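> sequence and predicted structure are below.
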Amino acid sequence: MQQLTLVPRLMPAVRQGEKTSTIRWQEGDVITGPLRLVNQQDPDDSLVVWVTRVDTLLLRDVAAALGKQAEWPDAVMLEGMREHYPAITLNSEVQVIHHLTPAQTRLKLNTT
């Protein structure tokens with residue numbers, strides 16, 4: 001199963017179904033299907049989500065694509081992404097990985 005790490009502060013939002021996408025830069029290709037998200041600081045804390053779509057965009061276009069321009073102006077987006085990827089720029093090509101909630105994923109896995 002494909003796998004990505006997630007910062008601990010985001011795990012509750014994914015678990016509760018509030019966060020259904022993640023932005024990645026130069027971490028290899030993610031495809032549709034099951035994906036294990038692992039807490040970066042606690043490998044025993046993980047959950048499985050179902051990737052529904054992967055979009056490749058410039059970082060500068062991500063906030064608009066997700067309808068979050070007000071929350072993520074360019075400076076905020078860049079600062080947040082540089083926490084994980086210090087060399088990233090607004091012109092960097094990123095993957096926006098869209099996924100079902102863990103609860104939706106469990107239902108999907110139980111019916112396929």
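Alright, I've got the coordinates.

> so what does the helix or strand harbouring Val54 touch, helix or strand wise?
Here Val54 sits within strand 42-58, counting by DSSP states H and E. Judged by 3 or more C-beta pairs under 8 Å, 6 or more residues apart in numbering; DSSP states H and E, strand 42-58 is in contact with helix 11-15, strand 33-39, strand 93-99, helix 102-111. Yep, even glycine has a C-beta here, placed from its N, CA and C like the rest.

> hmm, try it at 10 Å
Secondary-structure packing of strand 42-58 (3 or more C-beta pairs under 10 Å, 6 or more residues apart in numbering; DSSP states H and E): strand 2-6, helix 11-15, strand 21-24, strand 33-39, helix 59-65, strand 93-99, helix 102-111.

> got a list of what Val94 touches?
For Val94, the contacting residues are 23-27, 55-62, 81, 85, 88, by C-beta atoms under 10 Å, 6 or more residues apart in numbering.

> over to Gln95?
So Gln95 contacts 22-30, 54-57, 62 (C-beta under 10 Å, 6+ apart).
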